[in-house]
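Peer 1: Structural data only, the sequence is not supplied:
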């Protein structure tokens, strides 16, 4: 008994140390997601004025829509500020849609995708043909895990400076963009409501819609576009307007007008009246 008492403390100490070492060696540390991966799971969306949006994908690809800067009083960036772009989507040939696409593409090497005749016109203006993606409605473009589907837009598509061979831009476009994380946004271009939006919403099931809201936009038309896109599509939870001024003139169609139209149609989706240059993040 005496011996047992003398040896108890040292042996207990050794045993405790051994158990501690075994526990350390045998325990798997908690798995942690690297910060870069956590940040990379989101799509970043910035509104830079009018219909100019910048999307940064989870893997860092930058997509621009209608980069209208020069002549845009509400532009939140200068042409010199746009130093990175992988893809520019142009909805139609109007000056406020094409915007500064040519200058940005020439500087960044970005691909330019849109209605075939509009992109051909940009090539005639100096866009390198290697950067041109001639699109048609119903076609798909893939870029490193990102899918862009081109749909038509009920809107005029006149060219800024028609040429003898390019007198008109053909059908205007909208785009469905599905990012690497599965999040999908419908950028409607300047489209009025069309029953086709119900078909696209049903098959592509966008999580967000960026819809046209000009000064004279009929609120019920915009609301109908949203309702059609939401039909058979439970994913649609985010709405953002475009084609509006930061300080709209008196009588201009407002977010409240369209929200009221949605309420009358039984659609309960809030509209985000986004702030220029603010970064919004989305995941599936």
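Peer 2: The structure has been received and is ready for your questions. Small disclaimer: the values here were computed from a predicted structure and weren't measured.

Peer 1: and the residue lying closest to residue 195 once chain neighbours are set aside, what does it touch?
Peer 2: Spatial nearest neighbour of residue 195, chain neighbours left out: residue 228 (6.8 Å); criterion: Cβ to Cβ, 6 or more residues apart in numbering. Just so you know, the C-beta spots here come from the backbone N, C-alpha and C atoms, and that holds for glycine as well. Taking Cβ atoms under 8 Å, 6 or more residues apart in numbering, we find residue 228 in contact with 193-195, 197-198, 201.

Peer 1: Residue 131 too?
Peer 2: So residue 131 contacts 105, 109-112 (Cβ under 8 Å, 6+ apart).

Peer 1: Equivalent analysis for residue 233, please.
Peer 2: 201-202, 205-206.

Peer 1: and of these, the nearest to residue 263?
Peer 2: residue 201 (19.3 Å; Cβ to Cβ).

Peer 1: Check whether the closest one really touches residue 231, as I assumed.
Peer 2: Yes - counting by Cβ atoms under 8 Å, residue 201 touches residue 231, with 5.9 Å between them.

Peer 1: If you count surrounding residues, which of the two has more?
Peer 2: Taking other Cβ atoms under 10 Å, residue 201 and residue 231 do not tie; residue 201 has more neighbours (24 against 14).

Peer 1: what about the nearest residue to that one once chain neighbours are set aside, which SS state?
Peer 2: Nearest residue to residue 201, sequence neighbours excluded (Cβ to Cβ, 6+ apart): residue 229, at 3.9 Å. Secondary structure, DSSP: H, G, I helix; E, B strand; the rest coil: residue 229 is helix.

Peer 1: same thing with the one 10 residues further on?
Peer 2: Look at residue 239: counting by three-state DSSP, its state is strand.

Peer 1: State the pLDDT value of the nearest residue to it once chain neighbours are set aside.
Peer 2: Excluding its sequence neighbours, the residue lying closest to residue 239 (Cβ to Cβ, 6+ apart) is residue 271, at 4.5 Å. On pLDDT, residue 271 comes in at 98.

Peer 1: what's the nearest residue to the residue nearest the centre of the chain if we skip its chain neighbours?
Peer 2: The residue lying closest to the centre of the chain (Cα atoms, centre = their mean) is residue 55, at 4.7 Å. Closest residue to residue 55 apart from its sequence neighbours, by Cβ to Cβ, 6+ apart: residue 63 at 4.4 Å.

Peer 1: Now do the contacts for that neighbour.
Peer 2: With Cβ under 8 Å, 6+ apart, residue 63 has these contacts: 54-55, 57, 85-89, 146, 148, 177.

Peer 1: all strands of the chain, in order?
Peer 2: Along the chain, the stretches classed as strands by DSSP state E are 43-47, 53-56, 62-65, 87-89, 111-115, 132-135, 140-143, 146-153, 172-178, 184-187, 208-212, 238-242, 279-282.

Peer 1: Reformat those strands as a markdown table; add mean pLDDT and distance to residue 124.
Peer 2: Converted to a markdown table, the strands of the chain look like this (pLDDT from 0 to 100; distance: least, Cβ to Cβ, whole Å):
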| stretch | mean pLDDT | distance to residue 124 |
| --- | --- | --- |
| strand 43-47 | 98 | 30 |
| strand 53-56 | 98 | 26 |
| strand 62-65 | 98 | 21 |
| strand 87-89 | 99 | 17 |
| strand 111-115 | 98 | 13 |
| strand 132-135 | 98 | 10 |
| strand 140-143 | 98 | 21 |
| strand 146-153 | 98 | 21 |
| strand 172-178 | 98 | 19 |
| strand 184-187 | 99 | 25 |
| strand 208-212 | 98 | 28 |
| strand 238-242 | 98 | 27 |
| strand 279-282 | 98 | 36 |
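
Peer 1: will you turn the ones you listed into a markdown table that also has distance to residue 71?
Peer 2: Converted to a markdown table, the strands of the chain look like this (distance: least, Cβ to Cβ, whole Å):
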| stretch | distance to residue 71 |
| --- | --- |
| strand 43-47 | 18 |
| strand 53-56 | 18 |
| strand 62-65 | 17 |
| strand 87-89 | 18 |
| strand 111-115 | 19 |
| strand 132-135 | 24 |
| strand 140-143 | 28 |
| strand 146-153 | 22 |
| strand 172-178 | 20 |
| strand 184-187 | 21 |
| strand 208-212 | 19 |
| strand 238-242 | 17 |
| strand 279-282 | 25 |
